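Student: Structure for this input, please:
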Amino acid sequence: MNRNIGISLDDEYTGFTVDEETESSYFPTVIARDRQAERWTIGEDAYKETLSGHGVIVDKLVSLIRKDGTATIGDVRYEAVDLLAHFFHVLLQGASTDPVELSTDYIVVSIRKPERRVMEHIREALVRAGAEPKNIEIQSYMESFSHFVLGQDKTLYNRMVGMYELSNQVLTYYEMRVSRGTRKFVLVASEEEEEAFNLDILKSASGQKIADRLLRTVAERTLSKNSFSAVFLSGRGFQDTSLVPDFMNFVCTRRRVLIEPALFSVGAMFYAGMLREGREEEYTILCDTRVSSDVSFRVSLKEKERSVPIVKAGSSWTSAGAVYEFILDDQDYIDFEVSSLIDPKRSRRLRMVLSDFPKRENRTTRVSMDASFRDAKTLIVSVTDLGFGDLFPGSGAQITEQISLED
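Tutor: Numbering: from 1, shown residues only. Below is the predicted model of the structure:
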């Protein structure tokens, strides 16, 4: 159908944005199966089926994925990825009675905490639901926030940008800084605030006053030290901002304030459009799904030392990495260089010692180096001894070390 789709996926609520539609939908992340047949419903429809006695409901799907959980409905035991695949199938097929072709859709899913196994399971569930693997991308709320802001008028991010996400028992402050130097980048950070509260307190006048006071306290703490060009409000808690007037008066003073409950799914949809068009990012994004530094290692080629890249700052750590084979030349170590994009002057050189490998004549030890990321801040490097042909068989010995990209 050639749709650009953004999905924000959390235990409580899911946001769904399609480029051809004017409004995003926002509904509970729950799924129900009919007690007698393989018929699935999601969101509010799942609640209705359960209340009528026809359906069995399962919630907290992201947590279920995280712990490799299962759920039994009738006499069928479903793995977490099975349930999520059914959830995505219903979501992506919509109300259509005929099968919807998904192979030309670009789908970006945004999640709160980017964990490799969770992201792999989400990708698997989307593929099972009919999505084309090469058209799928998983990113974090932080990254989706940056895509949303960069999709707005540039006057909204000519200085610092702040954002508050308010959901049930969730109050998170996000901040984005734009650098327009030689290598333009945006730096995104977030902080979970201890003042989070249950949204049920907004149902009473006394609870509204408490919520207003808590939000005002957080706003004063996070906004007072810097100049902001814009502040965004997202999440179910900001669907009616008239309930928190003191907070709104504070954030609206000398700042532009914009409200988008489904901000993360909209940002994800913007990125889906970029992927379809093959557009390069104007700014290098640095966040919890992107690498913050250039990483390379040193080799000698024709008696000259040169740098060989492993990863470039701004790359997605989930897919970044490299595999190289080379011959050690009068050395039992590999030197790495880590250059921060935020502070290029503070580049670091790190040495990985290979002295545990078998001792051989010079240039008779070939090695394989495999580098991949555990998360945005940790590079795992494994070096394996391959020997040198039949004369010097490889021992298979392997040395693995972690390289921290933090100072």
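Student: contacts, neighbours, all on C-alpha from now
Tutor: OK.
Student: What is the subsequent helix or strand relative to the host helix or strand of residue 92?
Tutor: Under the criterion of DSSP states H and E, residue 92 resides in helix 80-93. Scanning forward in sequence from helix 80-93 by DSSP H and E, the next helix or strand is strand 106-111.
Student: which strands and helices sit next to that next one?
Tutor: Under the contact criterion of 3 or more Cα pairs under 8 Å, 6 or more residues apart in numbering; DSSP states H and E, strand 106-111 touches strand 4-9, strand 136-140, helix 141-150, helix 263-277.
Student: neighbouring contacts of it?
Tutor: With Cα atoms under 8 Å, 6 or more residues apart in numbering as the test, strand 106-111 has contacts from 2-10, 131, 135-141, 144, 264-265, 268-269, 271-273, 275-276.
Student: okay, now the residue lying closest to residue 68 once chain neighbours are set aside: neighbour count?
Tutor: Leaving out its chain neighbours, the residue that sits closest to residue 68 by Cα to Cα, 6 or more residues apart in numbering is residue 80, at 6.2 Å. Per other Cα atoms under 10 Å, the neighbour tally for residue 80 reads 22.
Student: and the gap between residue 80 and residue 107?
Tutor: Going from residue 80 to residue 107 by Cα to Cα, to the nearest Å gives 20 Å.
Student: do residue 187 as well
Tutor: In terms of Cα to Cα, residue 187 sits 24 Å off from residue 107.
Student: neighbour count winner among those two?
Tutor: residue 107 (30 against 20).
Student: For that one, list each beta-bridge partner.
Tutor: Beta bridges link residue 107 to residue 5, residue 136 when assigned by DSSP bridges.
Student: Quick one: residues contacting the nearest residue in space to residue 61 that is not next to it in sequence.
Tutor: Nearest residue to residue 61 in three dimensions, chain neighbours excluded: residue 11, at 5.9 Å (Cα to Cα, 6+ apart). Residue 11 sits next to 29, 59-63 when contact means Cα under 8 Å, 6+ apart.
Student: 10 Å - rerun?
Tutor: Neighbouring residues of residue 11 by Cα atoms under 10 Å, 6 or more residues apart in numbering: 28-30, 59-64, 111-112.
Student: Can you select the buried ones from the residues you listed in ChimeraX?
Tutor: In ChimeraX syntax, the buried subset of the contacts of residue 11 is picked out as below (16 or more other Cα atoms under 10 Å):
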select :28,29,30,59,61,62,64,111,112
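Student: And the residue nearest the centre of the protein?
Tutor: The residue lying closest to the centre of the chain (Cα atoms, centre = their mean) is residue 140, at 2.0 Å.
Student: Name whatever forms a beta bridge with that one.
Tutor: In this entry, residue 140 is beta-bridged to residue 111, by DSSP bridges.
Student: and if you look at residue 371?
Tutor: residue 322, residue 381.
Student: Next one: residue 39 from residue 7, what distance?
Tutor: 23 Å.
Student: Residue ranges in the chain under the pLDDT threshold?
Tutor: Along the chain, segments meeting pLDDT under 70 span 95, 97, 302, 407.
Student: Determine the longest helix present in it.
Tutor: Criterion DSSP state H: the longest helix present in the chain is helix 205-223.
Student: so after it, what's the next helix or strand?
Tutor: strand 228-234.
Student: Now do that following strand: which elements does it pack against?
Tutor: The contact analysis (3 or more Cα pairs under 10 Å, 6 or more residues apart in numbering; DSSP states H and E) places strand 228-234 against helix 141-150, strand 160-167, strand 170-179, helix 245-251, strand 256-259, helix 263-277.
Student: Adding mean neighbour count as columns, could you present those in CSV?
Tutor: Output for the helices and strands packed on strand 228-234, formatted as CSV (neighbours: other Cα atoms under 10 Å):
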stretch, mean neighbour count
helix 141-150, 24
strand 160-167, 22
strand 170-179, 19
helix 245-251, 16
strand 256-259, 15
helix 263-277, 25
